[in-house]
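[1] I'd like to go over a predicted model; first the sequence, then the structure.
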Amino acid sequence: MMRISVSCRPDWLRLRSNGFTLLELLVVMAVIGLLTALVAPNLQRLVGATERSTRRDAVIADLAGLSYRAYVLGESFELRNGHLAELLRDGNPILAVPEGWRVDLPESIRFNYSGWCSGGVVRLIPPDQGPEVVELLPPACDLKRS
């Protein structure tokens, strides 16, 4: 019997050990496709929720800063339905509301130039969710989320 050393393998054995078969590649591609189909919708939902949360936080931060803004500008103003886009001395609207969102105020809220505010309730209504109620407590308009 003739011995075959490791370095002198037959050609058919050497060719078989290199690379992957077409079937193995197709199975891996199918698994990747299935995983992508499962993950992609959840990823879109996550991005949408993050964007909505960021916009809500921006509106709430603007609400929290209105009292200080009245003080810094030395200007009294009133937060009321239909007049949120009125410009103040700094050239910015009283409250910037993201596109598609609504802000509902059962009663107007007065901000005095001294930083005092009358307090009240603000309902933030995103385009695809229920409203979130934020209460501004007088005299400094501290926020209280309900």
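    Thanks, I have it. Residues are numbered from 1 along each chain as shown.
[2] CA only for contacts and neighbour counts going forward, please
    Will do.
[3] any weak-confidence spans in this protein?
    Under the criterion of pLDDT under 70, the regions of the chain flagged as low confidence span 1-17.
[4] And the helices in it?
    Applying DSSP state H to the chain gives helices spanning 11-16, 22-73.
[5] between these, which gets nearest to residue 121?
    Smallest distance to residue 121 across those (C-alpha to C-alpha): 11.0 Å, for helix 22-73.
[6] what's the closest one packed up against?
    Helices and strands in packing contact with helix 22-73 are listed as strand 109-111; criterion 3 or more C-alpha pairs under 8 Å, 6 or more residues apart in numbering; DSSP states H and E.
[7] The strand it packs on - contacts with which helices or strands?
    Contacting strand 109-111 under the criterion 3+ C-alpha pairs under 8 Å, 6+ apart are the following elements: helix 22-73, strand 77-79.
[8] Check what contacts it and list those residues.
    Contacts of strand 109-111 from elsewhere in the structure, counted by C-alpha atoms under 8 Å, 6 or more residues apart in numbering, are 66, 67, 70, 76, 77, 78, 79, 80, 117, 118, 119, 120.
[9] switch the cut-off to 6 Å
    Here strand 109-111 makes contact (C-alpha atoms under 6 Å, 6 or more residues apart in numbering) with 76, 77, 78, 79, 117, 118, 119, 120.
[10] That one: how far from the chain's middle?
    Distance of strand 109-111 from its chain centroid, counting by C-alpha atoms, centre = their mean, to the nearest Å, is 29 Å.
[11] Now stretch 83-101: buried residues?
    88, 94, 95, 97, 101 (16 or more other C-alpha atoms under 10 Å).
[12] show me the contacts for the third one.
    Right, the one you point to is residue 95. For residue 95, counting by C-alpha under 6 Å, 6+ apart, the contacting residues are residue 84.
[13] If we use 8 Å, what do you get?
    59, 62, 63, 84, 85.
[14] Against residue 72, how distant is the last one?
    Spelled out, it's residue 85. Applying C-alpha to C-alpha, to the nearest Å, one obtains 19 Å for the distance of residue 85 from residue 72.
[15] likewise residue 121?
    Taking C-alpha to C-alpha as the measure, residue 121 and residue 72 are separated by 23 Å.
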